[in-house]
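Asker: Mind looking at a prediction? Sequence and model below.
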Amino acid sequence: MHRHYPQRDLQSAAAEYSVGCYSRTIQLCQYVLARDDESFEALVLLGLSLLAVNATEEGISSLEEAALIRPLDTPTQIELAIGYGANGRSALSRDLLMGIATGHAETSDQMLRIAVGFEALDQPRLAMEACRNAGALNPESAEVHFRMSYYARQCGHAASTIEALLRRAIDLEPRNVHYRVGLASLLIRLDQPSSALTILRSVVPAELDRVTCTSCLKRIANLYFDFGEVAIAKRCAERLQALVSAANPSSQMSNEGHSVLFFN
């Protein structure tokens, strides 16, 4: 029988969590807690992993138990706050996220995660403000500008503002296919197909396999078809079909992944 050693299992759990193997992390943390039910590190990793697999109530309980032992760090506090929102405790989630945003968040990544929490609470203006704070912390982050463009749309800002933010994201990270697909989708909606095609030239079809937004793929396929570039249009259609088949051959097409922010 395999023997379990808490410290070794805890190190293994942290390694598994870092690569997204949440089920294995949960198992290893349970081994640790079976021998030491007050292991702060195991309770935190267990709680975060449970939240990641949508076992929200159990994840919250584990993190709350850890918080009784010692204070949670800021990233973990953010995940707990988001968990409260997913569990229907919207007011508590909002209050905690606002408190962290104004008092403890130290990095743009933390502010972007707070923005995700506000978005889940249907609070796009608070999400936009969190993005602005992320921009103040890291003004050269392409991801910040991309996310801000999304929340700007949710808040009803002018298309010119959204376009400017997307173009800035592309300036900062020119090869990012998601940013270019986002801008192209906007330009198509604004009846600027030639500009959309220009934006896509450097990444389509070369980076097409990284696009996971089915609505975007439909628009891109139609765009290339309208311009007589049937081979690329067909590649887009094949990628679209692959995504749908992978998800569920009998299900309605879904929009998932990074590119999905624009524009359903």
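Answerer: That came through, no problem.
Asker: Okay, helices next: where are they in the stretch 101-250 of the chain?
Answerer: In chain order, the stretch 101-250 of the chain shows helices spanning 108-120, 124-137, 142-154, 159-172, 177-189, 193-200, 214-226, 230-247, with DSSP state H, counting those that start in this stretch as the criterion.
Asker: other SSEs contacting the fourth one?
Answerer: Helix 159-172 sits against helix 142-154, helix 177-189, with contacts defined as 3 or more CB pairs under 8 Å, 6 or more residues apart in numbering; DSSP states H and E. Just so you know, the C-beta spots here come from the backbone N, C-alpha and C atoms, and that holds for glycine as well.
Asker: Now the first one: buried residues?
Answerer: Spelled out, it's helix 142-154. For helix 142-154, the neighbour count (16 or more other CB atoms under 10 Å) marks 142-153 as buried.
Asker: Low-confidence stretches in the stretch 101-250 of the chain?
Answerer: Applying pLDDT under 70 to the stretch 101-250 of the chain picks out residues 249-250.
Asker: how about the helices and strands packed on helix 159-172 in CSV, adding distance to S245?
Answerer: Shown next, in CSV, are those (distance: least, CB to CB, whole Å):
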stretch, distance to S245
helix 142-154, 28
helix 177-189, 21
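Asker: and A66, which of the ones you listed is closest to it?
Answerer: helix 142-154 (29.1 Å; CB to CB).
Asker: relative to helix 108-120, how tilted is the closest one?
Answerer: Going by axes from the mean of the first three to the mean of the last three CA atoms, to 10 degrees, helix 142-154 is angled at 20 degrees with respect to helix 108-120.
Asker: sorry, back to before: right, and the helices and strands packed on helix 159-172 - which one's nearest L217?
Answerer: helix 177-189 (8.6 Å).
Asker: Contacts for that closest one next, please.
Answerer: For helix 177-189, contacts defined as CB atoms under 8 Å, 6 or more residues apart in numbering pick out 142, 146, 149-150, 159, 162-163, 166-167, 169-170, 173, 193, 195-197, 199-200, 202-204, 207-208, 210-211, 213, 215-216, 219-220, 223, 258-259, 261-263.
Asker: re the thing from before, let me know which of the helices of the stretch 101-250 of the chain is the nearest to L10.
Answerer: Among the helices of the stretch 101-250 of the chain, helix 108-120 comes nearest to L10, with 24.3 Å by CB to CB.
Asker: okay, the closest one in CSV with CA atoms only?
Answerer: Extracted C-alpha coordinates of helix 108-120, given in CSV (Å, rounded to 0.1, in the frame of the first residue of the first chain):
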residue,chain,number,x,y,z
SER,A,108,-2.9,44.4,-12.4
ASP,A,109,-3.6,40.6,-12.5
GLN,A,110,-5.4,40.9,-9.2
MET,A,111,-7.4,43.9,-10.4
LEU,A,112,-8.4,42.0,-13.6
ARG,A,113,-9.5,39.1,-11.5
ILE,A,114,-11.6,41.4,-9.4
ALA,A,115,-13.1,42.7,-12.6
VAL,A,116,-14.1,39.2,-13.5
GLY,A,117,-15.8,38.9,-10.2
PHE,A,118,-17.8,42.1,-10.7
GLU,A,119,-18.8,41.0,-14.2
ALA,A,120,-20.2,37.7,-12.7
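Asker: got the CA coordinates for the host helix or strand of D95 in PDB?
Answerer: D95 is part of helix 90-103, with elements assigned from DSSP states H and E. C-alpha atoms of helix 90-103 as PDB (Å, rounded to 0.1, in the frame of the first residue of the first chain):
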ATOM      1  CA  SER A  90     -24.000  38.600  -4.300                       C
ATOM      2  CA  ALA A  91     -24.000  41.500  -1.700                       C
ATOM      3  CA  LEU A  92     -21.200  39.800   0.300                       C
ATOM      4  CA  SER A  93     -19.200  39.100  -2.900                       C
ATOM      5  CA  ARG A  94     -19.500  42.700  -4.100                       C
ATOM      6  CA  ASP A  95     -18.600  44.200  -0.700                       C
ATOM      7  CA  LEU A  96     -15.500  42.000  -0.400                       C
ATOM      8  CA  LEU A  97     -14.400  42.700  -3.900                       C
ATOM      9  CA  MET A  98     -14.700  46.400  -3.400                       C
ATOM     10  CA  GLY A  99     -12.800  46.200  -0.200                       C
ATOM     11  CA  ILE A 100     -10.000  44.300  -1.800                       C
ATOM     12  CA  ALA A 101      -9.900  46.600  -4.800                       C
ATOM     13  CA  THR A 102      -9.600  49.700  -2.600                       C
ATOM     14  CA  GLY A 103      -7.300  48.300   0.000                       C
END
